[in-house]
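1. model this:
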Amino acid sequence: MEKVEGLKDGCGSISFAASSSSSGSGCGENMQNAAVSAQTGATVTIKCMVQEGAALPEYQTKDSAGADIRAFLPECVIIAPGGRSLIPTGLSFEIPSGYEVQVRPRSGLAIKNGITCLNAPGTIDADYRGEVKVILYNAGSEPFTVNNGDRIAQVVVAPVTTGYFQKVSELSSTERGSGGFGSTGK
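-> Residues are numbered from 1 along each chain as shown. You can find the predicted model right below:
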């Protein structure tokens, strides 16, 4: 299985430029810059502060849409059935303007253990500089243990389109109208 580090979107590729956290040691030894080739050849760099011992997001195959992110924990966390926990990753991103990073559940954790991410997809905005944390929820019937280094979620980079919200007194009519929440049938 080919592993590629970094983030990729459908328009090109994203590379990670990593540096150690200011609280960590050996800033130069953790420098990495890996790019994923895509059809258009475009590359966008996501700068990452990586706390000592944390790991950059990592693609598991060359065509993976999401890069896995890992738990960064001083000790294991047990999530009871129906419970949730905020899991740190040890990562902070500098995302270029015009992009977001979406945090999504991992399908294997969902089907095998009932573990998903709340607020999914979660959005990491381009102007956020804090640590990326993942809200894990246990929809399963057994307690779930999260260990340091476990792959807990995946991140997908996406371009952002900004909307202009215009106040109006009426909207055009459609066949669907105001029907929602199952109004189109099973």
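
2. the helices in this protein, which residues?
-> Taking DSSP state H, the helices of the chain run over residues 107-113.

3. per-residue confidence at residue 55?
-> We note a pLDDT of 97 for residue 55 in this prediction.

4. can you check residue 185 too?
-> So residue 185 comes in at 77 (pLDDT).

5. same check, this time on residue 115
-> Per-residue pLDDT puts residue 115 at 98.

6. Look up how far residue 94 lies from it.
-> Separation of residue 115 from residue 94 (CB to CB, to the nearest Å): 29 Å. For the C-beta atoms, the positions are set from N, CA and C on the backbone; glycine is no exception.

7. try residue 130
-> Applying CB to CB, the value for residue 130 to residue 94 is 11 Å.

8. Look at the two and report which has more neighbours.
-> The neighbour count for residue 130 versus residue 94, taken as other CB atoms under 10 Å, is higher for residue 94 (14 against 9).

9. Averaged pLDDT, stretch 68-78. What do you get?
-> For stretch 68-78, the mean pLDDT works out to 98.

10. Which residues does that stretch contact?
-> The list of residues contacting stretch 68-78 from outside it, by CB atoms under 8 Å, 6 or more residues apart in numbering, reads 51, 53-55, 57-60, 85, 87-91, 103, 106, 132, 134, 143-155.

11. cool, and stretch 105-121?
-> For stretch 105-121, contacts defined as CB under 8 Å, 6+ apart pick out 68, 79, 81, 84, 102-104, 134-142, 144, 151-154, 156.
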